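Asker: Everything below, folded, please.
(chains A and B)
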Number of protein chains: 2
Amino acid sequence: MKELVFGHKNPDTDAIVAAKAYSYLQNQLGADTEAVALGTPNDETAFVLDYFNEDQPRVVSTVKNEVEAVMLVDHNEPQQSADDIADVAVTNVIDHHRIANFNTAAPLYYHAEPVGCTSTIIFNEFKQRGVAVPEKLAGLMLSAIISDTLLLKSPTTTDQDVAAVKELAALAHVDYEDYGMKMLKAGTKLDDKTEEELITSDAKTFEMGGKSVRVDQVNTVDLDDVFAREDKLVAAIKQQNASEGYDLFLLMVTDILNSNTRLLVVGEPTDVVEKAFGKELVAGKMDLPGVVSRKKQVVPPMQEAFN
Amino acid sequence: MKELVFGHKNPDTDAIVAAKAYSYLQNQLGADTEAVALGTPNDETAFVLDYFNEDQPRVVSTVKNEVEAVMLVDHNEPQQSADDIADVAVTNVIDHHRIANFNTAAPLYYHAEPVGCTSTIIFNEFKQRGVAVPEKLAGLMLSAIISDTLLLKSPTTTDQDVAAVKELAALAHVDYEDYGMKMLKAGTKLDDKTEEELITSDAKTFEMGGKSVRVDQVNTVDLDDVFAREDKLVAAIKQQNASEGYDLFLLMVTDILNSNTRLLVVGEPTDVVEKAFGKELVAGKMDLPGVVSRKKQVVPPMQEAFN
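Answerer: So this is what the prediction gives:
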């Protein structure tokens, strides 16, 4: 029975690539799966797919119309998944995030590790099961790890990610440092993006303390360049909070060269944000030196502050 | 920082043994852990620990008074865990059940597979990490798999469980068929148990459709022997439903020689039970030929009938 494999909504490079990699692995092991995506690739991912001459995945928003069962990669929270995820069985999950609001009726295969990237876990599964990673797929998985770890500089980076990058770079015949910087810069061309696009492209929704908290991250090589558009960004966020029912919106603008984040906060409760990071908001903003990871440095302190 | 490792409340052999096995593995890999239990061993487990000359684990009900973080085996649902599980971080989970109401603030290591026994998954982790299983621990893990799979006869049994039993039996120098039958029979001495003990010793609580559903399983070699005490069992269950707030109580009385279950149902809604198994209750009972697994043959149809 065919199953679909996919990453989270607003897919980043890992969400797209991990689905392709896990689908390939499962098919080699005898399953019948297809990798799809819950959205179109962003600029960085488009650069990656083009570089390695790989097709864009088919985009879907619902799955029950095609299959009875699915495999999730790089997410588990239902609000980040297919719109009708509650109507199908989840048989496999490969992830590196917290587990929240994820419930199943039956036992399943679930493999999560607190590492920098889902593709790192999948690379280890290839090795455990004795399946070789083709050269092109190695390049894609390498790209996902570089993306999630900001070229191994994010505090989410583990020894396993470093080892996987080196092994995959050798398999893909790529100089990962040179390629990685080109790839990350391809994801920071913000001038031709609307404010609406900037606050949507990498955003995820989290339930915290009964509130709907939206956290978006924009990578840049120049913070001032983004904050020159602050008024328009705030207006776009206010509109989206109202139309989508978000209580609180955190826009992480992350300087990938210096590994810092400036946070723009719109909505309520803002005192929880101040409590989470132990500093005051000034005109709705705060600088967070050394913060680059939503998953490790923003979501857990916010969750704790809400509790 | 020390962590505690434990299985579910009302521990069965796998809950006790998997904690010991995973704690041993983690300590070999450099962690500082202690295996504890959320209850005293049942008759079967006491037989196993005595047979292999292994100490009973220390029993705890709360954990925050000792540690900041814990590792769970053979369960994830909070109502089956330590009373104060919400107050500590869960860093590792090894399990073979559905995932329900399990939420974390941060990423973690989670390894679940739809196999017959947690100890099978842990045995595979020993092999992946290149850690040898000592002879005594092999005997304990073998016992856990025999217990959970009713000597490899339960429909939850997978090829992985069969392979693990054979490898562990060789490591433990045990004839697993002969030993396994003795061990299972040691768990069915019901005459010296009170009705209160029979309806408590292997019971688990599940949240389904907003109801608190309690499912207990009693293994026997003679169904009539247990149902001679039906009136007293019903009275004890009614009392417990009232005192503990269970809406619905399912007592699975399982004939381990013939692989059948007779279900005794007390509480409401009973129509959901009839819907789940597609047959009528007669005087609060129904025979379920071929049913021996709570996890695979009772919880999923009940969950589906509630949905």
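
Asker: Checking my notes, A:Val133 in a strand, right?
Answerer: No - using DSSP: H, G, I helix; E, B strand; the rest coil, the secondary structure at A:Val133 is coil, not a strand.

Asker: I figured it hits A:Ile122, correct?
Answerer: No - using CB atoms under 8 Å, A:Val133 is not in contact with A:Ile122; the gap is 9.3 Å. Yep, even glycine has a C-beta here, placed from its N, CA and C like the rest.

Asker: joint contacts of the two?
Answerer: Shared contacts of A:Val133 and A:Ile122 (CB atoms under 8 Å, 6 or more residues apart in numbering or on different chains): A:21, A:141.

Asker: Compare those two (neighbour count), which wins?
Answerer: The residue with more neighbours, out of A:Val133 and A:Ile122, is A:Ile122; 27 against 22, by other CB atoms under 10 Å in any protein chain shown.

Asker: tell me which element the more buried one falls in.
Answerer: helix A:118-129 (DSSP states H and E).

Asker: Please name every helix or strand in contact with that helix.
Answerer: When contacts are defined as 3 or more CB pairs under 8 Å, 6 or more residues apart in numbering or on different chains; DSSP states H and E, helix A:118-129 sits against helix A:13-28, strand A:89-95, strand A:109-112, helix A:135-149, helix A:159-172.

Asker: So what touches that helix?
Answerer: Contact with helix A:118-129 is made by A:7, A:14, A:17-18, A:21-22, A:25, A:29, A:73-74, A:94-96, A:111-113, A:115, A:132-133, A:141, A:144-145, A:148, A:158, A:160-161, A:164, A:167-168, B:128, as judged by CB under 8 Å, 6+ apart.

Asker: Give me the angle between that helix and helix A:13-28.
Answerer: Here helix A:118-129 points in a direction 20 degrees away from that of helix A:13-28 (axes from the mean of the first three to the mean of the last three CA atoms, to 10 degrees).

Asker: List, one by one, the residues from the stretch 51-200 of chain A near chain B.
Answerer: A:96-114, A:128 (CB under 8 Å from any CB of the partner chain).

Asker: So among those, which ones count as buried?
Answerer: Listed as buried from these are A:96-100, A:102-108, A:110-114; burial here means 16 or more other CB atoms under 10 Å in any protein chain shown.

Asker: After the longest strand along chain A, which helix or strand is next? Please name it.
Answerer: Identified as the longest strand of chain A according to DSSP state E is strand A:211-220. If you walk from strand A:211-220 toward the C-terminus, the next helix or strand you reach (DSSP H and E) is helix A:223-227.

Asker: So which bits of that next one are buried?
Answerer: Buried residues in helix A:223-227 (16+ other CB under 10 Å): A:223, A:226.

Asker: Flag every buried residue along the helix holding A:Ile122.
Answerer: Neighbour counts over helix A:118-129 (16+ other CB under 10 Å) mark A:118-126 as buried.

Asker: In JSON lines: the residues you listed, plus pLDDT.
Answerer: Formatted as JSON lines, these follow (pLDDT from 0 to 100):
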{"residue": "A:Thr118", "pLDDT": "98"}
{"residue": "A:Ser119", "pLDDT": "98"}
{"residue": "A:Thr120", "pLDDT": "98"}
{"residue": "A:Ile121", "pLDDT": "98"}
{"residue": "A:Ile122", "pLDDT": "98"}
{"residue": "A:Phe123", "pLDDT": "98"}
{"residue": "A:Asn124", "pLDDT": "97"}
{"residue": "A:Glu125", "pLDDT": "97"}
{"residue": "A:Phe126", "pLDDT": "98"}
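
Asker: Those: which two are farthest apart?
Answerer: Within the buried residues of helix A:118-129, A:Thr118 and A:Phe126 form the most distant pair, 12.9 Å apart (CB to CB).

Asker: Measure how buried the residue nearest to A:Leu250 when sequence neighbours are not counted is and give me the count.
Answerer: Nearest non-adjacent residue to A:Leu250, counting by CB to CB, 6 or more residues apart in numbering or on different chains: A:Val215, 4.8 Å away. A count of neighbours around A:Val215, defined by other CB under 10 Å, yields 22.

Asker: which residues sit against stretch A:183-203?
Answerer: Residues outside stretch A:183-203 that contact it (CB under 8 Å, 6+ apart): A:10, A:12, A:42-44, A:46-48, A:51, A:143, A:146-147, A:150-151, A:214-221, A:225-226, A:229, A:232-233, A:235-237, A:240, A:249, A:251, A:256.

Asker: same thing but 6 Å
Answerer: A:10, A:12, A:42-44, A:47, A:143, A:214, A:216-221, A:232-233, A:236-237, A:256 (CB atoms under 6 Å, 6 or more residues apart in numbering or on different chains).

Asker: Filter those residues down to the buried ones and hand me the ChimeraX line.
Answerer: Applying 16+ other CB under 10 Å to the contacts of stretch A:183-203, the buried members can be selected in ChimeraX as follows:
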select /A:10,12,42,43,44,47,143,214,216,217,218,219,220,233,236,237,256
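
Asker: beta partners for the nearest residue to A:Asp247 once chain neighbours are set aside?
Answerer: Nearest residue to A:Asp247 in three dimensions, chain neighbours excluded: A:Lys211, at 4.2 Å (CB to CB, 6+ apart). As for beta bridges, A:Lys211 partners with A:Met208 under DSSP bridges.

Asker: Need the pLDDT of A:Lys211.
Answerer: Per-residue pLDDT puts A:Lys211 at 95.

Asker: Report the beta-bridge partners for the residue nearest to A:Leu250.
Answerer: Beta-bridge partners for A:Val215, by DSSP bridges, are A:Lys204, A:Leu250.

Asker: The one 5 residues further on too?
Answerer: Residues found in beta-bridge contact with A:Thr220 (criterion: DSSP bridges) are A:Asp255.

Asker: looking at it, it is touching A:Arg229, isn't it?
Answerer: No - look at A:Thr220 against A:Arg229 with CB atoms under 6 Å: they stay out of range, at 11.2 Å.

Asker: which among the buried residues of helix A:118-129 gets closest to chain B?
Answerer: For those, the minimum distance to chain B (CB to the nearest CB) is 9.1 Å, reached by A:Asn124.

Asker: Could you check how many residues crowd around the residue nearest to A:Asn42 when sequence neighbours are not counted?
Answerer: The shortest distance from A:Asn42 to any non-neighbouring residue, by CB to CB, 6+ apart, is to A:Ser201 (5.4 Å). Neighbours of A:Ser201 under the rule other CB under 10 Å: 21.

Asker: In CSV, list the helices and strands packed on helix A:118-129 along with mean pLDDT.
Answerer: Below are the helices and strands packed on helix A:118-129 laid out as CSV (pLDDT from 0 to 100):
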stretch, mean pLDDT
helix A:13-28, 98
strand A:89-95, 98
strand A:109-112, 98
helix A:135-149, 97
helix A:159-172, 98
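
Asker: Which pLDDT value does the model give A:Gly187?
Answerer: So A:Gly187 comes in at 87 (pLDDT).

Asker: Against A:Ser119, how distant is the residue nearest to A:Asn42?
Answerer: Going from A:Ser201 to A:Ser119 by CB to CB, to the nearest Å gives 20 Å.
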